[in-house]
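Asks: Fold the following.
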Amino acid sequence: MQEVTIRDPLDRIKHTPLIGVYPVPTIFSYWQGLTKQNSTALNYTLTVGFYKKEKWDMISVDHETMDIPADSQLTFRAKVAVPEDAMPGIYQGFLTVRNGNHTANVPVSFAVPVTVKSKDVPLVVSGESRGDLLYDNASIMGSFDMLSRYNAGDWRYYHFNITDPTVNAMNLKVSWRNNWTSVNAMVTDPNGKIVASSVPAGVFKTFIGWASNDWLGTTRFSEGGGFYPAANEGPTSAVLYVPVNSTGIYSLMLHTTLFHAKTLEEPLTIETKFTTLLPDTEPPVISIEVPEYVRGIVEIPVNTTEENLASLTYTINGSEPVSVGNNTITIDTTELVEGYHRLSVSASDTVGHEVDRDLLFAVDNTVPELTVRNPPDGSVISDKFDVTLEVFDPTLKSFSVTLPNGTSIENTKNFTVDTSDLEDGQYSLTMRAEDGAGNVAEKTIAFSIDKTKPSVVINSPEEGDTLSGIVNVNYDAKDANLESVTLSMGGKSIEIGTEGSYALDTTTLFDNTYTMEIIAKDKAGNVASSVINVATANFGPSLINAQLIGILIGLAIGVGITAGVLVAKYRGRNSKSIANVDQP
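Replies: As a prediction, the model looks like this:
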């Protein structure tokens with residue numbers, strides 16, 4: 001096939017174009033040159049394509065027309081808008097600026113790369129070949145010359161943006177349609193170095209300086225060298241293995257060295273897969289222990305056994321994955337409802353092995369319910385006393401009571417404490433309950449030990465006194481924990497307070513001798529008393545007087561004066577016998 005391209009044909013050709021096709025009259029051998037043999041007739045097809053400029057939808061400008069005064073300048077802005085479905089490759093065109101006399105074409109070109117998002121997932125670059133473009137990313141054209149330079153022929157460029165640092169290999173396959181077309185594929189790394197080729201020169205480059213193994217070198221006939229088909233996977237495809245040593249843009253260059261000449265374009269299909277190649281056949285091993293019950297902010301260590309670890313993430317109840325930093329999962333349980341939740345941990349290596357572990361944990365931020373039924377706080381105790389607890393928690397782990405002597409009573413709700421080895425003073429019991437999540441409830445009950453009896457003394461009346469009417473009973477009752485003072489007399493008892501004085505109404509007692517006892521009791525139950533013997537005299541004289549008055553009524557007429565004298569004398573004698581006793 002022979003091909004020629006004429007730029008601006010209307011400017012170059014003034015009249016009807018004439019295309020001449022003629023054979024070389026003498027046969028030339030590629031290796032030997034002129035053979036001095038006449039050429040024979042051959043059939044050929046002449047294909048002519050006409051191209052014109054058309055509006056480029058990817059480029060827009062903010063001014064379609066501008067008025068520019070003389071000796072001045074204006075600025076306009078152009079914007080490139082690449083459609084989401086744009087085929088990867090290079091796009092090129094022009095911004096045309098013209099006035100009445102001049103036209104300027106500003107070249108514009110840009111590349112649309114393939115972004116590599118996943119490993120081991122095939123990426124295919126292909127499209128519908130249009131056939132009406134001089135440069136189409138879906139196909140490649142001829143434009144080669146057997147007698148010209150090595151780089152003669154059409155070229156296509158495709159770019160792959162690798163962002164995953166674990167990718168270390170790219171497998172690539174380029175396919176075309178016709179057997180008589182040959183396409184070389186070369187890949188450059190981000191530094192522009194060729195790292196893979198479908199036609200590596202091998203020893204030819206070392207010994208004779210050839211650029212590739214499909215190039216025949218220069219001869220007397222072809223000063224620029226020549227090509228022959230050299231596809232490495234059948235006649236219409238080439239396969240490459242590309243080492244990936246860093247992230248960045250890797251560029252695929254396609255070069256047509258031979259062209260079938262049946263049409264003006266050759267459709268292309270590019271298949272790629274990015275992967276990690278390492279001598280690693282085992283998936284990662286995740287080591288993690290999660291408590292069944294957790295509270296507050298909990299940190300869970302995570303260990304992995306993997307030399308080529310790529311990622312380690314976790315989710316809670318299927319939420320968005322979170323990267324595990326410093327081999328520790330931190331969970332704020334206050335943001336979760338109480339109850340069971342699912343923790344999922346995922347690990348993958350650079351080769352592509354993946355492993356998942358699902359674990360359950362329960363959130364419990366509620367402290368146990370701890371109630372002390374006995375003894376009441378502030379109790380005063382002299383001997384043994386009972387301790388009664390009520391403890392509740394769905395995940396209760398343990399509870400205890402610490403006694404004043406340091407002894408701990410574990411997991412017992414009812415027991416008796418013996419205070420015989422304790423001196424008088426202030427003490428406390430410490431109750432503690434803990435649940436499975438580590439929530440702790442504590443209570444302290446204060447109590448006093450008091451084994452000393454109160455002191456009590458009756459100051460008045462005194463031993464042997466005869467009492468009548470209202471009598472002030474004065475006493476001293478002392479104790480650090482004094483609770484009550486009781487007066488007992490004549491078989492009756494009455495609490496008289498702790499103030500030290502009580503007004504006793506003796507008229508409620510028959511005249512007789514009595515034992516007066518004042519009993520003092522403290523809060524610990526210790527009891528002491530003071531006792532004296534007294535008599536009461538309230539009703540005896542009144543009865544005698546009543547009898548005498550009855551007799552005197554019978555003798556009222558004759559002896560009234562004498563009776564009056566007798567009564568007066570009796571009263572005088574009775575009044576003398578109860579001296580020192582207050583009368584009502």
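Asks: Neighbouring strands - and their directions - for whatever helix or strand residue 104 lives in?
Replies: Following DSSP states H and E, one finds residue 104 within strand 103-112. Strand 103-112 has the following strand partners under DSSP bridges: strand 89-98 (antiparallel).
Asks: how about the strand it pairs with: buried residues?
Replies: Neighbour-count burial for strand 89-98, with 16 or more other CB atoms under 10 Å as criterion, is recorded at 89, 91, 93. In short, each C-beta sits where N, CA and C put it, glycine included.
Asks: quick one: contacts for residue 90?
Replies: Residues near residue 90 by CB atoms under 8 Å, 6 or more residues apart in numbering: 109, 110, 111, 112, 135, 137, 156, 157.
Asks: and the strand holding residue 104, what's its mean pLDDT?
Replies: Strand 103-112 comes out with an average pLDDT of 93.
Asks: which residues sit against that strand?
Replies: Applying CB under 8 Å, 6+ apart, the contact partners of strand 103-112 are 59, 78, 80, 82, 86-98, 157, 159.
Asks: all strands for the stretch 151-300 of the chain, in order.
Replies: Remark: strands assigned in the stretch 151-300 of the chain by DSSP state E, counting those that start in this stretch are 155-162, 169-175, 182-188, 194-197, 237-243, 248-258, 266-267, 269-275, 285-288, 293-294, 297-305.
Asks: quick one: which of the ones you listed is nearest residue 482?
Replies: Nearest to residue 482 among the strands of the stretch 151-300 of the chain is strand 293-294 (50.1 Å), distances taken as CB to CB.
Asks: what pLDDT, on average, does that closest one get?
Replies: Summarised as a single mean, pLDDT over strand 293-294 is 94.
Asks: Save the contacts of residue 90 as a markdown table, and put in distance to residue 33 and neighbour count too.
Replies: A markdown table is the format used below for the contacts of residue 90 (distance: CB to CB, whole Å; neighbours: other CB atoms under 10 Å):
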| residue | distance to residue 33 | neighbour count |
| --- | --- | --- |
| 109 | 41 | 10 |
| 110 | 46 | 12 |
| 111 | 43 | 14 |
| 112 | 46 | 17 |
| 135 | 36 | 16 |
| 137 | 40 | 22 |
| 156 | 34 | 23 |
| 157 | 36 | 14 |
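Asks: tell me which of those residues is nearest to residue 419?
Replies: Distance to residue 419 across the contacts of residue 90 (CB to CB) is lowest for residue 112, with 90.6 Å.
Asks: Show me what that closest one is bridged to.
Replies: Going by DSSP bridges, residue 112 forms beta bridges with residue 89.
Asks: hang on, the earlier thing: adding pLDDT, write the buried residues of strand 89-98 out as CSV.
Replies: Converted to CSV, these look like this (pLDDT from 0 to 100):
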residue, pLDDT
89, 95
91, 93
93, 90
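Asks: of the residues you listed, closest to residue 273?
Replies: residue 89 (19.3 Å).
Asks: Look up how far residue 114 lies from that closest one.
Replies: Note on residue 89: its distance to residue 114, by CB to CB, to the nearest Å, is 9 Å.
Asks: shared neighbours, these two?
Replies: 125, 158.
Asks: Out of the contacts of residue 90, the closest to residue 288 would be?
Replies: For these, the residue nearest residue 288 by CB to CB is residue 112; the value is 43.8 Å.
Asks: Tell me how far that closest one lies from residue 67.
Replies: 36 Å.
Asks: Residues in a beta bridge with residue 493, which ones?
Replies: Beta-bridge partners for residue 493, by DSSP bridges, are residue 488.
Asks: That one against residue 484, yeah?
Replies: No - between residue 493 and residue 484 there is no contact under CB atoms under 8 Å: 10.8 Å.
Asks: and residue 159, how many neighbours?
Replies: Neighbour count for residue 159, taken as other CB atoms under 10 Å: 17.
Asks: now do residue 429
Replies: For residue 429, using other CB under 10 Å, the count is 22.
Asks: Low-confidence regions, the stretch 101-250 of the chain specifically.
Replies: Scanning the stretch 101-250 of the chain for pLDDT under 70 picks out 143-150, 223-224.
Asks: just for the chain, where's the confidence low?
Replies: Within the chain, the segments meeting pLDDT under 70 span 1, 143-150, 223-224, 540-584.
Asks: On the strand side of things, show who the residue most central in space within it bridges to.
Replies: Centroid-nearest residue in the chain: residue 331, 4.9 Å away (criterion: CA atoms, centre = their mean). Beta-bridge pairing of residue 331 under DSSP bridges involves residue 298.
Asks: quick one: contacts for it?
Replies: Residues near residue 331 by CB under 8 Å, 6+ apart: 294, 297, 298, 300, 316, 343.
Asks: Let me have those in TSV, extended by distance to residue 382.
Replies: As requested, these are exported to TSV (distance: CB to CB, whole Å):
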residue	distance to residue 382
294	47
297	49
298	48
300	53
316	58
343	56
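Asks: Rebuild the buried residues of strand 89-98 as TSV, extending it with distance to residue 532.
Replies: As requested, the buried residues of strand 89-98 are arranged in TSV below (distance: CB to CB, whole Å):
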residue	distance to residue 532
89	125
91	125
93	130
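Asks: For residue 417, which of the strands of the stretch 151-300 of the chain is the nearest?
Replies: Closest to residue 417 of the strands of the stretch 151-300 of the chain, according to CB to CB: strand 293-294, at 32.2 Å.
Asks: partners of that closest one, with directions?
Replies: Here, using DSSP bridges, strand 293-294 pairs with strand 354-363 (parallel).
Asks: if we look at the strand it pairs with, which residues are touching it?
Replies: By CB under 8 Å, 6+ apart, strand 354-363 touches 283-286, 288, 290-295, 333, 336-348, 395, 437.
Asks: try 7 Å this time
Replies: By CB atoms under 7 Å, 6 or more residues apart in numbering, the surrounding residues in contact with strand 354-363 are 283-284, 286, 288, 290-294, 333, 336-348.
Asks: Repeat that for stretch 296-308.
Replies: Contacts for stretch 296-308 (CB under 7 Å, 6+ apart): 278, 280, 284-288, 290, 312, 324, 327-334, 345, 347, 349-351, 365.
Asks: Would you mind listing which of those are buried?
Replies: Applying 16+ other CB under 10 Å to these flags 280, 284, 286, 288, 290, 312, 324, 329, 331, 333, 345, 347, 349-351 as buried.
Asks: Of those residues, which pair is most distant in space?
Replies: 280 and 333 (36.5 Å).
Asks: pretty sure residue 425 is touching residue 449, no?
Replies: Yes - counting by CB atoms under 7 Å, residue 425 sits close enough to residue 449 to count as a contact (5.9 Å).
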